[in-house]
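Student: No sequence on hand, only this structure:
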């Protein structure tokens, strides 16, 4: 099995482009910060009009917008800029799927700083952040996550909640079900379960400051009366229970395998027999270099944690099995880099 | 005329990828700094072997190398890493075309810092660097340029020198010719003229510290006895002359049009009648968004200068014409983002 472009011709542009790729991140962040995508969304417009909206220089806006066109997140026609389908859907603040806030989280110092010292990171094999990096207790980066990463849940929460509830529905279960949402963050995965199942009682577990964001989201979704907060570390607090469903979204990738097996054992002990643990993860193929977005996520874990990784399905299945789970199954989500992996207690 | 991907389907991955593009620059720089491409060039090898060579952790090297595969600058087969044709040619230090040193120049603080403040740059329409940015007198960034950017001249110097000498050869000229290389940098363009024409006398003009690098290169090329240094600013020093050829490589893009017209008039005055001024430039099409690498160069000029730009051919031709040049012609170089533009005095 071979990956990489052996058949591709030599391309110095690929190397030059990679050396300058940081410019793309900066340009997109600047366009978001200057509200360029709102101006363009109001109708095709020239650099001067956008510059007025953005309270910016025309030279700066013209070069910035041309750069966005080159990178596929604007189009240009007869000197006027307009949205591409992608920028209209994911960068115009008027779109319900707008991901602009995600750039705020991804440009947090905790996520950027290790890349300024990546040679040290690779040499030492762990983050240059203090302690265990982003998983240090009460790390404020998770409040930023909770406040900004909601747009990433859009196409994921529905399928995840459906998979998590599937066992209960197959059982013909009636009456209340109890759901534990570990590392709840914005809370939107657990809240989606509450929306899909009117008798679901959801317990959100995360740092106390993070859960304030989840609680606000539960209130907005009209499920606050079925939402309970369990502040603290997933490794330290008593889970209570027993639960019908435990959600573990984007959590296992921060830790090494033994730590995950220990946590999964604790999760299994808190589940009713037949209850389900559902993880949402970036799951690369066994080659670890495809599909690109899932596989590339390992770099973020190298930079920001001591031991995390993007685990393959065989690795995740082995962790589930070692923790005593049965019937481990993967559900991929079309066109998205994340996979739902579910195990039965 | 329309640019951009109107017909393309919506793609949230494109946006997410752009938000994280800075990771690519950091990963490539780290791989160069840890000499990963030398280890891979010695033969297909696993992460543990590369880690020993790089005096690095196996976890760090495995995730780094997988990331390089995902980005097309390594390949992976049965768990072992090997070069792609592109990484073998442009990243293995044993290749004569290796571009690794280019990363040292491109990661100079003067080139990176404005991207950390790009919102201010766009708002103000000019670099956040002090004064006029990279074109401030004796800016040490040009010594770094001269020391590291030689690999970029490989496929360019030959065609540029040939175009510059074409008029002389068509004339059936015999005897010495005088060449002025403005903003000589590493000096390799002028040196190539000296190599192609044994009676060429080359004067390199640049900051004094930069010219020391050019002189070393002239010595290595065996043309030191035909190389003269003219230290200072192209706008201030007397050019002397008259010259048969003036080279203006990667220089005009740092300045606004009136400044360039003034300089081109000074160049024309220093040329013999029928002498040629040859510029090497990133020249986008009139739409300013294609081809991608030439057009994207405007962003580097926005970030690092007060008034520079990637000028279109019609703009460059107009500047030449206003300075009194005749017969302005463009020579594109296949597969490369730079264009030779030549005018006759």
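Tutor: Sure, I can see it. Quick caveat: nothing in here was measured; it's all calculated off a predicted structure.
Student: Skip ahead from the host helix or strand of residue A:205 and say which helix or strand is next.
Tutor: According to DSSP states H and E, residue A:205 maps onto strand A:200-206. Counting by DSSP H and E, the next helix or strand C-terminal to strand A:200-206 is helix A:208-220.
Student: Just the residues contacting the helix or strand hosting residue A:192, thanks.
Tutor: Element membership of residue A:192, judged by DSSP H and E, is helix A:188-196. Applying C-beta atoms under 8 Å, 6 or more residues apart in numbering or on different chains, the contact partners of helix A:188-196 are A:150, A:153, A:156-158, A:160-162, A:164-165, A:179, A:181, A:184, A:200, A:202-204, A:214, A:217-218, A:221, A:223, A:226-227, A:245, A:247, A:249, A:280. For the C-beta atoms, the positions are set from N, CA and C on the backbone; glycine is no exception.
Student: any idea of the mean pLDDT in it?
Tutor: For helix A:188-196, mean pLDDT is 97.
Student: Check which residues of that helix are buried.
Tutor: With burial defined by 16 or more other C-beta atoms under 10 Å in any protein chain shown, the residues of helix A:188-196 counted as buried are A:188, A:189, A:190, A:191, A:192, A:193, A:194, A:195.
Student: got it, and stretch A:132-149?
Tutor: Those would be A:132-135, A:139, A:141-149, for stretch A:132-149 by 16+ other C-beta under 10 Å.
Student: Narrow the residues you listed to those in helices?
Tutor: Secondary structure from DSSP state H places A:141, A:142, A:143, A:144, A:145, A:146, A:147, A:148 of the buried residues of stretch A:132-149 in helices.
Student: now, which of those residues sits nearest chain B?
Tutor: Nearest to chain B among those is residue A:148, at 11.5 Å by C-beta to the nearest C-beta.
Student: where do the helices sit along the stretch 51-200 of chain A?
Tutor: Using DSSP state H, counting those that start in this stretch, the helices found in the stretch 51-200 of chain A span residues A:58-70, A:85-90, A:100-106, A:109-116, A:118-124, A:141-148, A:154-170, A:188-196.
Student: Quick one: mean pLDDT for the longest one?
Tutor: When you say that, I think you mean helix A:154-170. Helix A:154-170 comes out at a mean pLDDT of 88.
Student: So what's the gap between that helix and the chain middle?
Tutor: Centroid separation between helix A:154-170 and its chain, computed with C-alpha atoms, centre = their mean, to the nearest Å, is 17 Å.
Student: give me every residue that touches the closest residue to residue A:206 other than its chain neighbours.
Tutor: Leaving aside its sequence neighbours, residue A:206 sits nearest to residue A:184 (C-beta to C-beta, 6 or more residues apart in numbering or on different chains; 4.6 Å). With contact taken as C-beta under 8 Å, 6+ apart, residue A:184 is in contact with A:190, A:204, A:205, A:206, A:210, A:211, A:214, A:247.
Student: So residue A:249 sits against residue A:187, correct?
Tutor: No. In this structure, residue A:249 is not within contact of residue A:187 by C-beta atoms under 8 Å, at 10.4 Å.
Student: The two - which one has more neighbours?
Tutor: Using other C-beta atoms under 10 Å in any protein chain shown, the more surrounded residue of residue A:249 and residue A:187 is residue A:187, with 28 against 23.
Student: quick one, phi psi at the more buried one?
Tutor: Note on residue A:187: its backbone torsions stand at phi 80, psi 0 [degrees, to the nearest 10].
Student: gap between the closest residue to it other than its chain neighbours and chain B?
Tutor: Spatially, and ignoring its direct neighbours in sequence, residue A:187 is nearest to residue A:214 (2.8 Å; C-beta to C-beta, 6+ apart). Distance check for residue A:214 against chain B: by C-beta to the nearest C-beta, to the nearest Å, it reads 23 Å.
Student: again with residue A:185
Tutor: According to C-beta to the nearest C-beta, residue A:185 stands 17 Å off from chain B.
Student: again, but for residue A:274
Tutor: As judged by C-beta to the nearest C-beta, residue A:274 and chain B stand 35 Å apart.
Student: what does residue A:98 give?
Tutor: 10 Å.
Student: what's the neighbour count on that residue?
Tutor: As a burial measure, residue A:98 scores 22 neighbours (other C-beta under 10 Å).
Student: can you pull the contacts of it?
Tutor: Residues in contact with residue A:98, defined by C-beta under 8 Å, 6+ apart, are A:89, A:90, A:91, A:92, A:151.
Student: so who does the second one touch?
Tutor: With contact set as C-beta under 8 Å, 6+ apart, residue A:90 has these partners: A:97, A:98, A:99, A:151, B:10, B:12, B:15.
Student: neighbour-wise, which of those leads?
Tutor: residue B:15 leads the contacts of residue A:90 on contacts (other C-beta under 10 Å) with 25 neighbours.
Student: got the contact list for that residue?
Tutor: The neighbours of residue B:15, taking C-beta under 8 Å, 6+ apart as the test, are A:28, A:73, A:86, A:87, A:90, A:91, A:99.
Student: hmm, try it at 6 Å
Tutor: Remark: with contacts taken as C-beta atoms under 6 Å, 6 or more residues apart in numbering or on different chains, residue B:15 is in contact with A:90, A:99.
Student: How about the one 4 residues further on?
Tutor: By C-beta under 6 Å, 6+ apart, the residues touching residue B:19 are A:103, A:106.
Student: Any chance of the backbone angles for it?
Tutor: According to degrees, to the nearest 10, residue B:19 has phi -60, psi -20.
Student: roughly how far apart are it and residue A:108?
Tutor: For residue B:19, the distance to residue A:108 (C-beta to C-beta, to the nearest Å) stands at 12 Å.
Student: same check, this time on residue A:185
Tutor: 14 Å.
Student: between those two, which one's more packed in?
Tutor: Taking neighbours as other C-beta under 10 Å, residue A:185 and residue A:108 compare with residue A:185 leading, 27 against 16.
Student: ok, the more buried one touching residue A:147?
Tutor: No. Counting by C-beta atoms under 6 Å, residue A:185 stays clear of residue A:147, with 9.4 Å between them.
Student: related to what we said a few turns ago, doesn't residue A:202 make contact with the residue nearest to residue A:187?
Tutor: No. Between residue A:214 and residue A:202 there is no contact under C-beta under 6 Å: 9.3 Å.
Student: what kind of secondary structure is the residue nearest to residue A:316 when sequence neighbours are not counted in?
Tutor: Excluding its sequence neighbours, the residue lying closest to residue A:316 (C-beta to C-beta, 6+ apart) is residue A:341, at 5.2 Å. What DSSP: H, G, I helix; E, B strand; the rest coil gives for residue A:341 is strand.
Student: count of neighbours near residue A:341?
Tutor: The local packing of residue A:341 (other C-beta under 10 Å) involves 25 other residues.
Student: In chain A, what helix or strand scores lowest on average pLDDT?
Tutor: Of all helical and strand segments in chain A, the minimum by mean pLDDT, DSSP states H and E falls on strand A:2-3, at a mean of 45.
Student: Double-check residue A:104 against residue A:148; I have them as touching.
Tutor: Yes. When contacts are counted by C-beta under 6 Å, residue A:104 is listed as touching residue A:148 (4.7 Å).
Student: ok so, going back, could you save the buried residues of stretch A:132-149 as CSV and add columns showing pLDDT and distance to chain B?
Tutor: CSV is the format used below for the buried residues of stretch A:132-149 (pLDDT from 0 to 100; distance: C-beta to the nearest C-beta, whole Å):
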residue, pLDDT, distance to chain B
A:132, 88, 15
A:133, 89, 14
A:134, 90, 15
A:135, 88, 16
A:139, 90, 20
A:141, 91, 16
A:142, 93, 18
A:143, 91, 19
A:144, 90, 14
A:145, 91, 14
A:146, 90, 18
A:147, 92, 16
A:148, 91, 11
A:149, 89, 11
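Student: out of these, who's nearest residue B:32?
Tutor: Checking these against residue B:32 by C-beta to C-beta gives residue A:133 as the nearest, at 24.7 Å.
Student: unless I'm mixing things up, that closest one is touching residue A:303, no?
Tutor: No. Look at residue A:133 against residue A:303 with C-beta under 6 Å: they stay out of range, at 8.4 Å.
Student: still on that earlier bit, now, among the buried residues of stretch A:132-149, which is nearest to residue B:276?
Tutor: Residue B:276 has its nearest neighbour among those in residue A:148, at 56.2 Å by C-beta to C-beta.
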